[in-house]
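K.L.:
next come a sequence and a model predicted from it.
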Amino acid sequence: MKRLSMLAGLCLAAAVPHAALAAPPADIDARIEAIRQSSGTPGMAVAIVENGKVVLARGYGERRLGAPAKVDADTIFMIGSTGKALTATALATLVDAGKIGWDDKVVDHIPDFQMYDAWVTREMTIRDLLVHRSGLGLGAGDLLTVPRGSISREDLMRRLRYIKPATSFRSGYAYDNILYGVAGLLIERVSGQSWEDYMKAHVFAPAGMRDAAADFRTQTSAPNRAQPHGRVGMVRGDGPQVVLDERDQLGRAMAPAGLVAMSANDMARWLQIQLAGGALPEGGRLFSAAAARRCGRRSRRSRSPRRPTRSRRPRRRSMPMRWAGKCATTTARASSGMPAGCSASPRSCASFPRRTSVSPSR
């Protein structure tokens with residue numbers, strides 16, 4: 001019997017090298033607690049899904065450094081760039097509803113969308129927004145909202161036209177966040193709802209993810225939430241660990257790229273749905289089997305004869321859409337406890353271990 005198991009939390013930290021079992025090993029709590037303490041993580045949550053069943057969803061440690069409240073399976077954490085897969089899923093629901101197509105031109109839905117190159121502007125598709133092959137350089141546009149910013153998604157999209165490409169369109173891979181902000185704006189233009197409201201109504205609610213939240217106000221008002229922590233000494237990442245101001249978040253314009261919060265129970269539901277190709281555990285579907293096949297397929301790079309490659313860097317295939325925001329680094333971020341951005345290669349993300357891995361929190 002084919003066994004697929006995946007353990008996820010809200011920020012990946014390390015791998016636990018044991019074979020997939022019908023139930024977690026007896027010492028799983030001790031192993032996780034050892035990882036939590038050795039990494040200096042105040043609190044973390046873990047979910048394990050095997051053969052479509054949730055075999056573990058549990059919290060460890062404290063929600064806030066030095067406070068008595070403990071993390072449990074309903075404690076929400078910011079999940080960083082793994083939220084990109086949720087934005088892709090929101091688009092999949094619009095595709096299923098017949099409101100958009102993956103190969104629709106972005107300008108057909110956002111007429112004022114503009115890249116630096118007019119030809120790229122005309123050719124950019126919804127799929128291109130998700131698979132990191134736009135020609136933009138690594139992290140292009142991040143400083144518009146990092147470490148913080150107050151510009152709107154409309155303004156974020158308008159500033160794209162001033163960012164020069166690093167390579168030819170679709171010729172190479174470079175991870176970006178800004179085009180997921182545009183994807184969020186596209187959801188708003190097509191649905192008539194804010195990205196935050198659409199996620200709640202069309203992704204979280206039908207998926208049965210009871211505590212998941214995309215909007216800042218809900219995230220910061222939830223009683224059962226993890227607090228952000230960091231080491232702030234002479235330089236960031238050094239010195240004693242302290243509680244950070246949770247209001248001091250990244251710019252909300254790029255929230256579709258990584259500012260979703262959810263609990264271990266929510267993450268377990270999400271894993272069940274992903275592993276079932278969009279099917280819900282109780283029956284019905286969050287997104288269609290066709291969308292699952294499309295999102296799991298690699299988008300190969302291509303080179304137009306009109307746009308020769310501008311860079312001699314090795315060219316790589318783009319990630320599948322669902323993997324574009326689901327991989328994470330496998331080293332603990334003890335300095336901040338915040339989710340790490342995806343720095344792995346497309347191949348390593350696509351072959352991410354489907355047996356067991358562990359995860360710390362914020």
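P.N.:
On my side now, so go ahead.

K.L.:
can we go C-alpha only for contacts and neighbour counts from here?
P.N.:
Will do.

K.L.:
residue 257 versus the most centrally placed residue in the chain, what's the distance?
P.N.:
In the chain, the centroid-proximal residue (CA atoms, centre = their mean) is residue 82; its distance is 2.0 Å. The gap separating residue 82 from residue 257 is 8 Å, by CA to CA, to the nearest Å.

K.L.:
and the gap between the residue nearest to the centre of the chain and residue 184?
P.N.:
Residue 82 is 15 Å from residue 184, by CA to CA.

K.L.:
likewise for residue 76?
P.N.:
22 Å.

K.L.:
these two: which has the busier surroundings?
P.N.:
Per other CA atoms under 10 Å, whichever of residue 76 and residue 184 has more neighbours is residue 76, with 32 against 26.

K.L.:
quick one: that one and residue 260 touch, right?
P.N.:
No - proximity of residue 76 to residue 260 does not meet the contact threshold set by CA atoms under 8 Å, at 9.6 Å.

K.L.:
shared neighbours, the two?
P.N.:
residue 212 (CA atoms under 8 Å, 6 or more residues apart in numbering).

K.L.:
and the strands in this structure?
P.N.:
Counting by DSSP state E, the chain has strands at residues 5-8, 43-50, 53-61, 77-78, 229-232, 236-243, 261-262.

K.L.:
among the ones you listed, which comes closest to residue 34?
P.N.:
Taking CA to CA, strand 53-61 is the member of those nearest to residue 34, at 10.5 Å.

K.L.:
that closest one: which residues count as buried?
P.N.:
Buried residues in strand 53-61, counted by 16 or more other CA atoms under 10 Å: 54, 55, 56, 57, 58, 59, 60, 61.

K.L.:
with stretch 245-253 instead?
P.N.:
250, 251, 252, 253.

K.L.:
tell me which of these is nearest to residue 107?
P.N.:
Using CA to CA, residue 253 is the member of the buried residues of stretch 245-253 that sits closest to residue 107, with 19.3 Å.

K.L.:
so who does the closest one touch?
P.N.:
145, 150, 151, 152, 153, 156, 181.

K.L.:
swap in residue 245?
P.N.:
residue 228.

K.L.:
for it, give me the pLDDT.
P.N.:
Looking at residue 245, its pLDDT reads 86.

K.L.:
how near is it to residue 51?
P.N.:
Distance from residue 245 to residue 51, by CA to CA: 40 Å.

K.L.:
next: residue 195.
P.N.:
From residue 195 across to residue 51, the span is 32 Å (CA to CA).

K.L.:
show me which of the two is the more surrounded one.
P.N.:
The neighbour count for residue 195 versus residue 51, taken as other CA under 10 Å, is higher for residue 195 (23 against 16).

K.L.:
correct me if wrong: the more buried one contacts residue 184.
P.N.:
Yes - under the criterion of CA under 8 Å, residue 195 makes contact with residue 184 at 5.6 Å.

K.L.:
okay, buried residues for stretch 172-191 please.
P.N.:
For stretch 172-191, burial by neighbour count (16+ other CA under 10 Å) applies to 172-188.

K.L.:
output the lowest mean pLDDT helix or strand found in this protein.
P.N.:
Least confident helix or strand, the chain: helix 346-350 with a mean of 31, by mean pLDDT, DSSP states H and E.

K.L.:
quick one, helices of the stretch 151-300 of the chain?
P.N.:
Secondary structure of the stretch 151-300 of the chain (DSSP state H, counting those that start in this stretch): helices at 153-159, 178-191, 195-199, 205-207, 216-221, 264-275, 289-295.

K.L.:
any idea which of the ones you listed is most buried?
P.N.:
Sort the helices of the stretch 151-300 of the chain by mean neighbour count, taking mean count of other CA atoms under 10 Å, and helix 264-275 sits at the top with a mean of 24.

K.L.:
run through who's touching that one.
P.N.:
Contacting residues not belonging to helix 264-275 are listed as 4, 6, 8-10, 45-49, 52-54, 57-59, 73-76, 207-212, 279-281, 286 [CA under 8 Å, 6+ apart].

K.L.:
what angle do that helix and strand 43-50 make?
P.N.:
Inter-element angle recorded for helix 264-275 and strand 43-50: 30 degrees (by axes from the mean of the first three to the mean of the last three CA atoms, to 10 degrees).

K.L.:
what mean pLDDT would you report for helix 264-275?
P.N.:
Mean predicted confidence for helix 264-275 is 96.

K.L.:
do the same with stretch 145-160
P.N.:
Average pLDDT, stretch 145-160: 90.
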